[in-house]
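> Fold the following for me, if possible:
(2 chains)
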Amino acid sequence: DAGITQSPRHKVTETGTPVTLRCHQTENHRYMYWYRQDPGHGLRLIHYSYGVKDTDKGEVSDGYSVSRSKTEDFLLTLESATSSQTSVYFCAISESAENQPQHFGDGTRLSIL
Amino acid sequence: AQSVTQLGSHVSVSEGALVLLRCNYSSSVPPYLFWYVQYPNQGLQLLLKYTTGATLVKGINGFEAEFKKSETSFHLTKPSAHMSDAAEYFCAVSNSGYSTLTFGKGTMLLVSP
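Numbering: from 1, shown residues only, chains lettered A, B, ... in the order given. Model (predicted):
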């Protein structure tokens, strides 16, 4: 299995609080991705990174920011959490962008009350 | 733009029966296609992928898929379902020049004894 660790695995917080999720990889892959998974919507891309300090927006980026200061770490921040951001968040990594598969972490279940 | 349509949010089969999960894609250029499986409370696991070459692709756990360009399809099949195949399955598409995957909304496979 690809070495991907997401932390925390579960979190409950209140509306308006900041939240940071961490994705750590030991594979030295260039590409890293953050998705959210909601019933009926499949996986939707939030942000992705194609190198240290290089990031881009995905389909549902509003309300989220990311940072990548090291190859192995990709952080997802909710500056002021809202109930609509209650979801399961997955990190994925890929050696290259196009014809290589993405490998997924085990997810973070985030509940915002 | 890319898109993926998975026909049927739920598919039910009996143990030992044929499994057929449908995936149609839209892409303006030759696609790269992937099938992933997700077991409860886990991340996504790659089943198989099509990039170039042979259009019939074999994956893990006895699954296979056939790329049909004329039908813009990449349906997933398994000759004989097993109880352990019960999970959610996702089809995804990428292509040259894109750094991201587009996922379908998923199909839940239910296997009854």
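> As a check, name the ranges of all helices in chain B.
For chain B, applying DSSP state H gives no helices.
> Show me the shaky parts of it.
Low-confidence regions of chain B, defined by pLDDT under 70, span residues B:95-98.
> Which positions in it make contact with chain A?
B:9, B:32, B:34, B:36, B:41-46, B:49, B:51-52, B:90, B:94-101, B:103-106 (Cβ under 8 Å from any Cβ of the partner chain). For every residue, glycine as well, the C-beta is placed using N, CA and C.
> Put the buried members of those residues into a ChimeraX selection.
In ChimeraX, this line selects whichever of these come out buried by 16 or more other Cβ atoms under 10 Å in any protein chain shown:
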select /B:32,34,36,43,44,45,46,49,51,90,94,95,98,99,100,101,103,104,105,106
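> Pick out the residue nearest the middle of chain B.
B:Trp35 (3.7 Å; Cα atoms, centre = their mean).
> nope, chain A is what I meant
So for chain A, Cα atoms, centre = their mean, it's A:Trp34, sitting 2.8 Å from the centre.
> Identify all contacting residues around the helix or strand hosting that residue.
Using DSSP states H and E, A:Trp34 sits within strand A:31-38. Counting contacts by Cβ atoms under 8 Å, 6 or more residues apart in numbering or on different chains, the residues outside strand A:31-38 that touch it are A:21, A:23, A:25, A:43-50, A:58, A:60, A:64, A:66, A:68, A:74, A:76, A:85, A:87-97, A:102, A:107, B:99-100.
> Without its sequence neighbours, what residue ends up closest to A:Ser67?
Distances taken as Cβ to Cβ, 6 or more residues apart in numbering or on different chains put A:Leu75 closest to A:Ser67, at 4.9 Å, once the chain neighbours are dropped.
> Contacts only, for the one you found.
Counting by Cβ under 8 Å, 6+ apart, A:Leu75 has contacts A:20-23, A:66-68.
> ok, now B:His82?
Contact analysis of B:His82 by Cβ under 8 Å, 6+ apart lists B:15, B:111.
> and what of B:Asn24?
Neighbours of B:Asn24 in contact, by Cβ under 8 Å, 6+ apart: B:4-5, B:7, B:71-74.
> possible to save these as a markdown table with neighbour count and distance to A:Arg9?
Listed next are these as a markdown table, based on neighbours: other Cβ atoms under 10 Å in any protein chain shown; distance: Cβ to Cβ, whole Å:
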| residue | neighbour count | distance to A:Arg9 |
| --- | --- | --- |
| B:Val4 | 23 | 28 |
| B:Thr5 | 14 | 32 |
| B:Leu7 | 14 | 33 |
| B:Glu71 | 10 | 41 |
| B:Thr72 | 15 | 38 |
| B:Ser73 | 18 | 37 |
| B:Phe74 | 28 | 32 |
